[in-house]
Structures are given as structure tokens and as C-alpha cells.
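A.B. asks: no FASTA, just this:
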């Protein structure tokens, strides 16, 4: 199984695992705060062992994780919750219906639409990918975790690095937005306006690093990328 565990900032580590059944990287993140580490997304249940092994690189056991937050309720983001007992665990209430019954007992709370959640992380409701999809912003490090609102599903990692410029993927995404904007049927079917509202929310935060749910972490020219996406609808 191919996976990477890398330090993104002094406060953030990224775990990216190549899911052979989906042909994509699935991402999880560990964020250090005043109370210890918060895990953002947990990957699929069958992949949690690889995340747990990677955490040893920072001398962290799963029992020492302070909190878990899911950006949304799909199995590649909450499956590992089955191994996280007796810690603070959160998801937005709009996505509770997506959570398997066996995992609901491990959840301890729900996320606000907007505002501070826990351990220095701020929640922003997006509601496009799923009704309860959220972004999380760690102001101290300038890192924005956007879940699958923006992601590079199925894309390789440039230079086999977790974080980078990702120019080729960014250009491809801008082209995708431009084509989506011109297709009235697809605009309506996939709620284009709601997606664009989310992009504007993300840009207002002014992050320096963008951590998505799948694929490379963008650490260069994040604002320019978000602006290009927003303007892509007019191209």
C-alpha cells in the first residue's frame, strides 16, 4: 500500500494513502493545538492501520489524539472513527444520516455552521459536496482544510510530494469549472451556484495553504488559484 506522511507546517501533518480500489489518494490531517492533536478525517476503516503506523513518526498513539473532526460523512473520511473511542468526535448534523449506526456511538457532538470548534479550528459550512460538508481553518498556521469541496481525486502527486504548487492540477480544475459553468444542465444538476458560494467563502478566509480531501496539498499561490476558479465561470 502506497502512502505518505509529511510535515506541512509546524502544526500540521498530512497523511495521503493511495486507494487502489478508487485509484485516488485519500487524505487525513493531524493538527497540533493547545490540547494536543486533532485528527481531521480518518480515511476508510480498512486503511486506518496505515495511519496509525504513520503516527508513530511523531510519537503519537491513537489513544492520545485529543479530538476528531469529519469534514463530511462519506466512508473515506469517517471509516477510521471505529478505532477512535473515548475522544471528542464531531460532524455536522446535516451529515449524521450518512454515518453508519455502528459509528454514531463514537460521535460526541455536532459542528456549528460557523465559528470556533475546538483546539484552534474554525468551522465554515459549505454544504455542497454533502449537506453537512464543512471547511476547517487553523488560523495560527494559515491552513485551510476544505474536505471534498475542492479536491484532486484520482490525480498523482507532483514529484511524489504531499505538498507543492500543483500547477498542472490547478490548471485542469480551472478548465473544469469553465466547462461546468457553460453547461446549464450540469449547473442545475450539481448545484453550481452553491459550489461557487463555497469558493467565495474559502477565498474570504485568505488561507496560505489549502489541504483538500484527495491529492496534493496546495502551498503556493492559494489565493490566485481560488480567484482563478471563481473567475473561471466567466471564461
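C.D. replies: Received it, and whenever you're ready, just let me know what you need. Note that this is a predicted model, so its numbers are computed, not measured.

A.B. asks: Just say helix, strand or coil for residue 57.
C.D. replies: Following DSSP: H, G, I helix; E, B strand; the rest coil, we place residue 57 in the helix state.

A.B. asks: Skipping adjacent residues, who's closest to it in space?
C.D. replies: For residue 57, ignoring the flanking residues on the chain, the nearest one in space by Cβ to Cβ, 6 or more residues apart in numbering is residue 5 at 5.9 Å. Heads up, the C-betas are built off the backbone N, CA and C, glycines and all.

A.B. asks: Quick check on the one you found: phi, psi?
C.D. replies: phi -140, psi 110 (degrees, to the nearest 10).

A.B. asks: which residues does it contact?
C.D. replies: Residues near residue 5 by Cβ atoms under 8 Å, 6 or more residues apart in numbering: 13-15, 54-55, 57.

A.B. asks: Let me see the confidence value for residue 160.
C.D. replies: The score at residue 160 is 89. That number is its pLDDT.

A.B. asks: make that residue 1, sorry
C.D. replies: pLDDT, residue 1: 87.

A.B. asks: Quick one: neighbours of it, just the number.
C.D. replies: Each residue near residue 1 was counted by other Cβ atoms under 10 Å, and the total is 10.

A.B. asks: list the contacts for the residue nearest the centre of the chain?
C.D. replies: The centroid of the chain falls nearest to residue 147 when counting by Cα atoms, centre = their mean (2.7 Å). Contact partners of residue 147, counting by Cβ under 8 Å, 6+ apart, are 41, 71-72, 77, 126, 129, 133-135, 212-213.

A.B. asks: quick one, phi psi at it?
C.D. replies: Torsion angles, degrees, to the nearest 10, at residue 147: phi 60, psi -140.

A.B. asks: Secondary structure class of the residue lying closest to it once chain neighbours are set aside, three-state.
C.D. replies: Nearest residue to residue 147, sequence neighbours excluded (Cβ to Cβ, 6+ apart): residue 71, at 3.0 Å. Following three-state DSSP, the label given to residue 71 is coil.

A.B. asks: other SSEs contacting the helix ranked longest in the chain?
C.D. replies: As assigned by DSSP state H, the longest helix anywhere in the chain is helix 167-182. Judged by 3 or more Cβ pairs under 8 Å, 6 or more residues apart in numbering; DSSP states H and E, helix 167-182 is in contact with helix 184-189, helix 222-232.
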